[in-house]
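[1] Sequence and predicted structure, then a few things I'm wondering about:
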Amino acid sequence: MRLVLLGPPGAGKGTQAKVLSNNLKIPHISTGDIFRETRDSGTELGDNLADYMKKGLLVPDEIVNQIVAQRLQKDDIKDSGFILDGYPRTRQQAAVLDESLEKDGIRLDTVIYMKTSNETILLRLTGRRVCKRCGRIFHVKNIPPKQEGICDFCGGELYQREDDTRETVLKRLEVYNDQTRELIDYYDQKHMLNTVSGDMEVRKLYDVLYELFGKEGLL
Ligand code: ADP
Ligand code: ZN
């Protein structure tokens with residue numbers, strides 16, 4: 001299955017992508033995860049990315065497109081498809097993706113738009129905590145770890161992403177509204193869009209998605 005998850009920061013794209021990827025055995029491509037890894041790699045490119053990310057700004061299209069294009073060339077993608085999470089995020093990125101798929105004679109199966117209220121987004125992101133070691137996600141109120149600051153699964157230390165402060169979340173929402181929101185219309189016009197509510201609980205939304213994929217003959 002070739003899938004794009006679209007929606008504002010905090011919609012739960014990464015969370016659903018991880019579960020779908022695990023259960024359906026489809027590679028998960030998160031540009032956010034790739035960039036965080038590169039940012040921490042101590043390279044010049046990493047320092048360059050850090051500047052954009054801590055301000056909540058988008059990384060320039062050329063860098064993003066190149067990184068994704070490389071990833072899409074790998075064999076696992078040819079065999080199983082992909083779940084794109086956080087890409088495309090601009091019209092230019094969407095056009096580049098379309099072109100590269102077309103060149104290979106394939107197309108996206110569906111685009112899921114996870115429509116989410118601003119209230120949910122702010123609550124989720126400002127309370128989100130991530131495990132330094134295994135990357136699992138907690139929330140101070142909604143999914144608290146058994147012991148404060150410690151991962152239930154691996155005992156790693158939990159931290160707050162530097163772009164999850166209230167101020168930067170508001171900036172990310174502004175950037176989303178300015179540059180990414182228009183992709184909803186872009187995919188809707190191509191009759192590829194399926195809208196679901198990102199306000200639902202993780203498990204419930206997963207069930208909704210699973211049913212939807214079944215109906216579309218994608219499972
Ligand atoms: P979010 O929760 O905002 O969706 P991500 O983890 O997907 O966060 O991305 C974190 C940061 O990485 C973004 O704020 C942005 O700086 C950068 N980034 C991720 N994906 C893209 C993309 N497709 N285009 C440009 N920048 C991106
Ligand atoms: Zn952990």
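    Looks like it came in fine. Ligands and ions are numbered 1, 2, ... in the order given.
[2] Indicate the residue of the chain located nearest to ligand 1.
    Nearest residue of the chain to ligand 1 (Cβ to the nearest ligand atom) works out as Gly32 at 2.1 Å. Every residue, glycine included, has its C-beta placed from N, CA and C.
[3] Give me the pLDDT for Leu24.
    Model confidence at Leu24, expressed as pLDDT, equals 97.
[4] Next up, phi/psi of it, please.
    The main-chain torsion angles of Leu24 are listed as degrees, to the nearest 10 and equal phi -100, psi 0.
[5] Surely it touches Met1?
    Yes - Leu24 is within contact range of Met1, at 6.9 Å (criterion: Cβ atoms under 8 Å).
[6] intersection of neighbour lists for these two?
    Among the neighbours of Leu24, those also in contact with Met1 (Cβ atoms under 8 Å, 6 or more residues apart in numbering) are Leu219.
[7] For this structure, which residues are neighbours of ligand 2?
    Within the chain, the positions lying close to ligand 2 (Cβ under 5 Å from the ion) are 131, 133-134, 136, 151, 153-154, 156.
[8] Select from those residues every entry located in strands.
    Among these, the members falling in strands are Cys131 (criterion: DSSP state E).
[9] Which residue in the residues of the chain next to ligand 2 has the weakest pLDDT?
    Per-residue pLDDT puts Arg136 lowest of those, at 88.
[10] Per-residue pLDDT of Ile137, please?
    The predicted local confidence for Ile137 is 89.
[11] how much space between the residue located most distally from the centre of the chain and ligand 2?
    Largest separation from the mean C-alpha position in the chain: Gln147, at 27.5 Å (Cα atoms, centre = their mean). Distance check for Gln147 against ligand 2: by Cβ to the ion, to the nearest Å, it reads 12 Å.
[12] Name the nearest residue to Leu219, ignoring sequence neighbours.
    On the basis of Cβ to Cβ, 6 or more residues apart in numbering, the spatially nearest residue to Leu219 that is not a chain neighbour turns out to be Phe213, at 5.1 Å.
[13] repeat for Lys18
    In space, and not counting its chain neighbours, Lys18 is closest to His28: 6.2 Å by Cβ to Cβ, 6+ apart.
[14] Equivalent analysis for Thr180, please.
    Leaving aside its chain neighbours, Thr180 sits nearest to Arg89 (4.9 Å; criterion: Cβ to Cβ, 6+ apart).
[15] Return the residues in contact with the residue lying closest to Leu193 once chain neighbours are set aside.
    Sequence neighbours aside, Tyr187 is the residue nearest to Leu193 in space, at 4.5 Å (criterion: Cβ to Cβ, 6+ apart). Taking Cβ under 8 Å, 6+ apart as the definition of contact, the neighbours of Tyr187 are 4, 6, 94, 111, 113, 193.
[16] same deal with Thr168?
    Contacts were defined as Cβ under 8 Å, 6+ apart; by that measure Thr168 touches 54-56, 162.
[17] Got phi/psi on the residue nearest the centre of the chain?
    With distances taken as Cα atoms, centre = their mean, the residue of the chain nearest its centroid is Asp85 (3.1 Å). For Asp85, the backbone dihedrals (degrees, to the nearest 10) come out as phi -130, psi 110.
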